Structures are given as C-alpha cells and as structure tokens.
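K.L.:
Need coordinates for the below:
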Amino acid sequence: MPPSVELLYQQGYLSALDFHFAQTMGRLGRTDHPLALLAAAAACHFTTLGHVCIDIHQIGGQPIQSAEGQSFGNLTWPDASEWLNILEHSPLITRPAPDSLQALTPLIMDGTDRLYLARYWLYQVRLARQICLRMSFPEMAIHSSAFLDGMARLFSGQNPLATEGQRQAVQMGVRNHFSVISGGPGTGKTSTVLRILAILIEQAYALDMPLPRIQMMAPTGKAAARLKQSLNDRTGLTCSENVVQVIPDEATTIHRALKPDPENPGRFRHDIKNPLDADVVVVDEASMIDLALMTHLVEAIPPHSRVIFLGDQNQLASVETGAILSDICGAAEKSEPMRRHMIHLTHSFRFDNQSGIGRLSRAINAGDVKSAMSILDDPAFPDVEWVDLEKGIGIDAMVADMTSTHFLPGIQEPDEIRRFDQCNRFRLLCAHRQGEFGAETLNVRIERRVKRLLGMDINREWYVGRPVMILKNDYLLNLFNGDIGIAMKIDGRGGDSMAVGFQGTDGAIRSIPASRLPMNQPVFAMTVHKSQGSEFDQVLLLLPDTRSPVVTRELLYTAITRAKKKVVIMGSRQVIGQAISTPIDRASGLMDYLFLS
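P.N.:
A predicted model of the protein is given here:
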C-alpha cells in the first residue's frame, strides 16, 4: 500500500504546511481518497524543493527520499498508472484546455500528466505566453549605416575570434524584442550589453527618435551592486560623450523596480496593467530568478520594449521554484525560431587554456568525470587544488588553518578599507546549510575559535571585524539578502556600542548600528547558493563526506567559478565524481509550453 499523508508527516518527510494543505484540500473537495490527498501534499512539498510540478510518470513507484537523500524505510510513491487513474476522477484536479488561462481546481494536470499547484501552472502559462509574444514580433528597424559604423568602432582592435560571440549577441540585442545572453564568468556579458546600449542610443540619434529609457536590474542587492560596478567600467567603449552619458550607471533590484504593494503581499505596483516606464530592460543574474518573480517581471515590461536577460545557464537554479533560464536556453537549443533569440558566449577572457579553473569548469559542464579528476590530480595547475577527505584530513584541522591564515588577519586589520579587501579575498563555501559539513555549523565552529584566539568571552556576540551576512531585505536601510558587512566601533561612543559597515560600489563605507540590522548571521562560511553573484580571490569548497542530492554538477560549477585566482575542493573522489555525473533535474513544463504558446 502507498504511504498515507499522515505517515509521511509522522516520518518527517512532509512539513506541517504540506500536511495541512492536503487536509484542507480534502475538506474543500469533499474527498478523503488517500491517493488524492497524497497528490495534494506532494504537489505542495515538491515546490519547496524547487520543482514547478510533479512528473507522475517519473516518480511513480520510486523510493521516497528527502532532498538530502534520506530514505524513509521502504516507502515508495504509488504506481503511476494506479495514481493517474484515481487523479483523473478527483474533484481536486482538472485538465485545462491547451489555450486556457483559467484554473478551476486547486490542482492542475496537463497533457503529459504533470501535476501542478494551480498558481504555478498559471505562472508557467503566463510566462510562456509573454516570452512567445515578444519572440513573435518582427525585428526592429535600424539605421544600417549607423549600425555598421557602431559595430566597427566598438569592436575595433578586438580579437575577431574572441569577440565573434559578442558581435552576434550585439546584433541580436539590437534587433530583437527578447534576447538571452548566457555565458560563464569572464565571457564578457556585461561589456556586450554596454555595446548594445551604446548602439541603441546611437540609433536613436541617427533616426532622430527619443532616447531609449533604460532600466538595469538584478534579483538581489548584491547582484545589483556588482552590475552597477560593471556598468561603470567602460574600458574600450569607443563612442561619443553624448552617448556615454545616456548609458545608465545605476542598477536596482527587481523587487525595487516593480515596487511591492504593501497592502497585497506577493503583488507589485508595476504589472501588466501598469507597466514599467522603460524601452530597454536589462536583467543580470537571470539564473537566480524564480518562476513567480520572472512572471511578474516579464508581464510588467511593456510589449514594445527590448528585454535582455544575462546569466549563466550552467549555474545553480533559483533557491525558489523553477529553473527558468535553463529552461529557456534548453528550449532554444531545440527550436530554430527560439535560437535566434539566445546566444551562449564561450570564450573566457578571465580563464585561458592554461587555467585549471577554466579547464575544470568546462569538464564539469560536459559531465566528464575522467577529465575533471585528471585536472584535480595534476600539480601543473596551481589554481586548482584537491584535498581528499578520505585521506583523514579532519574538519578541526581545516578550521584551525583557515582561521589563522584567512579570517584572523582580516579581523585584526586596523584599516577598515583593507579589512573589506581581506574579507573578500577568501570564502569557505559549503554544499549544505546544516549538518556537520554545513555553513551554519562551520560558522559556529570558526567563530568560537576566533573568540578563543582573541581572548574574548565565548558568549559575546559583537566584536570589531566580525563579518555578517544580511538574510532579509530592508528597503528603508537599503540592505538586501546576501549583503555582507563587517562590525566596527561606533565613533564618538563609549562602551561596547557597535555598528556594521557596508561597502558601496564606490568603496565608501556606511555604518548602521548593529541593533538596527535585519536578520543576519556570521559569514565565515556560506552556502554555494548564497555565493551566487559573488567573486573571491580564493575559494575553499567543502563537500559532505557522503553522497547528497544537493551536490550536483551545477553546484560544483557555481562554486569553482566564484574563484578568480584559486579554488580548493575538499571532498572524496566518489562524491566529486557522482556530483559531476548528476545534473540538476527540476520538474517543469516550461520548455514544452514555450513550444505550444
């Protein structure tokens, strides 16, 4: 017999939210069939794991496991055919027509037997329609001679082979209403967008049209700050001053651009009925955007506007539901019409052919375990180091070495600017948030050792040099989830009054009293997910000692490409090999819906 909702809740697989959602759906739908209730609980549960839906054929009859790989006895999901037979006649579920935009029941089953919570099915359909609408528009009219002149000038002196992808991306971005530019770190995504914006502004002058209204945004405050920093680096942008002045030098978060409605949580003031005041919208770090936010964003962009998404399709997907950029790029690889709206930049200006990080990242993306391990075994690549956990090197020794070598010098640095520089040189990245090898555990262990070495009370919370990460957006303080600050004394106050300094893109430090900060935590270590959008001179990636579904190809790739100069991977050969062989598999119907819309 398949497990009941009650049993899975008691076993700890289902959360209280999953359990009570299923019970509520049963009462509203006046059904107590165990397979219908199990479907409702599972649909809710899988969205918390990042899936948009449940593929009944894929999970039917399979063992039930947690995201960390924990098994629950011999419990398995119901047989797919038996489950579908019950769901076909359940009052909780309907199958909408292909062109429908109305969900009549709390659960939706599509034509390929994927089961959705109604809201996520609606998000997916709405997003697919918006993208396909923009791709259906004819190419924008351009001033040919001004375009050719701009291309020749902006790419003058550049290596034609290295910049061929960028040239194609500029042509695509100038002509299309919808464009996606994917590429790894150092492939020139931002410099490509700067050239697109320069040519669009030159086109406006040449055609005697109003200058384009341009908005630059990213999913997090940290990513927006890095985008702003990149926008201000205009090296090689050979165009007139009146063009340069129009290119934005500011970037904002998506939430701030859309303006959350305080009276309606989850809704925004800018939407399909009240769109953004923009002719060009550039969105960086698109791989981090979940399904709900992406839908709200695209609907809020006027249909006539150009939309340009930047991101790395090989990076980790959003922490929330969906893998939108990956789905869009996957659909483009299979569809010629869509392919005209997407380009993947492959030439790295940061990692050359002699770079171990560059070679390792390419081997990981290709799923080539043998090549990846040979790079890790080869001492000829000084920027890549592998520490085999199976050889008995313990966590205690690692913590002691990192604290003395990397963390304590930064804490004891008297100059505030240099303290930030030291903080950004090294980061310990973890695959897990909790557990022996998790970021939260490591932060506690490292901070205790720091306090002992500094001779302070182990229970003292704040001290000069303490690095912290913000965990919740605070728009009044202009602080965002992922921002990193360093504790400092408040000038002019006695006692132990502490503030936390945050460094802006201009290098200036603003301080905020520690007592006013939103939710935060020490950040000697962070999860790989939290590191997205960041770069450090050196990274140490700590992997768990046993196989975990969290440790995937995308996680390894994301972690090693956070390092600019050196990456150290601490993990067993088996765990690394299994990770490279395991790409993220998030259930979604977006690729199919992009073909159907």
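K.L.:
Now do H304 against H177, distance only.
P.N.:
8 Å (Cβ to Cβ, to the nearest Å). In this view, the C-beta of every residue, glycine as well, is placed from N, C-alpha and C.
K.L.:
Looking at the two now, which is surrounded by more residues?
P.N.:
Neighbour count, other Cβ atoms under 10 Å: between H304 and H177, H177 has more, with 20 against 11.
K.L.:
dump the residue contacts of that one.
P.N.:
Under the criterion of Cβ atoms under 8 Å, 6 or more residues apart in numbering, the neighbours of H177 are 134-135, 137, 140, 303-307.
K.L.:
For the nearest residue to T253 once chain neighbours are set aside, grab the count of nearby residues.
P.N.:
Distance criterion Cβ to Cβ, 6 or more residues apart in numbering; nearest residue to T253, sequence neighbours excluded, is A224 at 5.2 Å. Per other Cβ under 10 Å, the neighbour tally for A224 reads 25.
K.L.:
do the one 4 residues further on as well
P.N.:
Neighbouring residues of K228 were enumerated by other Cβ under 10 Å; the total is 20.
K.L.:
all helices in the stretch 351-500 of the chain, in order from the N-terminus.
P.N.:
Taking DSSP state H, counting those that start in this stretch to define them, one finds helices in the stretch 351-500 of the chain at 356-365, 369-377, 395-402, 408-412, 416-423, 439-454.
K.L.:
So what's the gap between the first one and the chain middle?
P.N.:
Offset of helix 356-365 from its chain centre (Cα atoms, centre = their mean, to the nearest Å): 20 Å.
K.L.:
tell me the angle of that helix relative to helix 369-377?
P.N.:
Angle of helix 356-365 versus helix 369-377, following axes from the mean of the first three to the mean of the last three Cα atoms, to 10 degrees, is 160 degrees.
K.L.:
So which elements touch helix 356-365?
P.N.:
Under the contact definition 3 or more Cβ pairs under 8 Å, 6 or more residues apart in numbering; DSSP states H and E, helix 356-365 sits against helix 369-377, strand 384-387, helix 553-560, strand 563-570.
K.L.:
for the ones you listed, which one sits closest to A40?
P.N.:
A40 sits nearest to helix 553-560 of all those, at 29.6 Å, using Cβ to Cβ.
K.L.:
Kindly list the main-chain dihedrals of S66?
P.N.:
Dihedral angles of S66 (phi, psi; degrees, to the nearest 10) stand at phi -80, psi 170.
K.L.:
How about L237?
P.N.:
With angles defined as degrees, to the nearest 10, L237 sits at phi -90, psi 90.
K.L.:
circling back to that earlier point, is it possible to get TSV of the contacts of H177 that adds pLDDT?
P.N.:
Formatted as TSV, the contacts of H177 follow (pLDDT from 0 to 100):
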residue	pLDDT
R134	95
M135	94
F137	94
M140	92
P303	92
H304	92
S305	95
R306	96
V307	97
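K.L.:
Of these, which belong to strands?
P.N.:
306-307 (DSSP state E).
K.L.:
Output the contacts of H177 as JSON lines; include the columns distance to I560.
P.N.:
Shown next, in JSON lines, are the contacts of H177 (distance: Cβ to Cβ, whole Å):
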{"residue": "R134", "distance to I560": "34"}
{"residue": "M135", "distance to I560": "33"}
{"residue": "F137", "distance to I560": "39"}
{"residue": "M140", "distance to I560": "38"}
{"residue": "P303", "distance to I560": "40"}
{"residue": "H304", "distance to I560": "41"}
{"residue": "S305", "distance to I560": "36"}
{"residue": "R306", "distance to I560": "33"}
{"residue": "V307", "distance to I560": "30"}
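K.L.:
where exactly do the strands run in the stretch 51-200 of the chain?
P.N.:
Using DSSP state E, counting those that start in this stretch, the strands found in the stretch 51-200 of the chain span residues 54-55, 63-65, 71-76, 93-94, 107-109, 114-117, 178-183.
K.L.:
Give me the buried positions along the last one.
P.N.:
Counting neighbours by 16 or more other Cβ atoms under 10 Å, one finds that the buried residues in strand 178-183 are 178-183.
K.L.:
Can you tell me which of these lies closest to I324?
P.N.:
Proximity of the buried residues of strand 178-183 to I324 (Cβ to Cβ) peaks at V180, which lies at 10.3 Å.
K.L.:
quick one, what contacts the closest one?
P.N.:
Applying Cβ under 8 Å, 6+ apart, we find V180 in contact with 286, 308-309, 311, 325, 328-329, 332, 341-343.
K.L.:
Look up the closest residue to F351, ignoring the ones flanking it.
P.N.:
Leaving aside its chain neighbours, F351 sits nearest to G358 (2.9 Å; criterion: Cβ to Cβ, 6+ apart).
K.L.:
what's the next secondary structure element after the host helix or strand of L310?
P.N.:
L310 belongs to strand 306-311 when assigned by DSSP states H and E. Per DSSP H and E, strand 306-311 leads on to helix 324-334 as the next helix or strand towards the C-terminus.
K.L.:
List the contacts of that next one.
P.N.:
Contacts to helix 324-334, defined as Cβ under 8 Å, 6+ apart, come from residues 127, 131, 180, 182, 286-287, 289-291, 294, 309, 311-313, 317-318, 338-339, 341-342, 344, 584, 588, 590-591, 594-595.
K.L.:
Could you rerun that using 7 Å?
P.N.:
180, 182, 286-287, 289, 291, 294, 309, 311, 313, 317, 338-339, 341-342, 588, 590-591, 594-595 (Cβ atoms under 7 Å, 6 or more residues apart in numbering).
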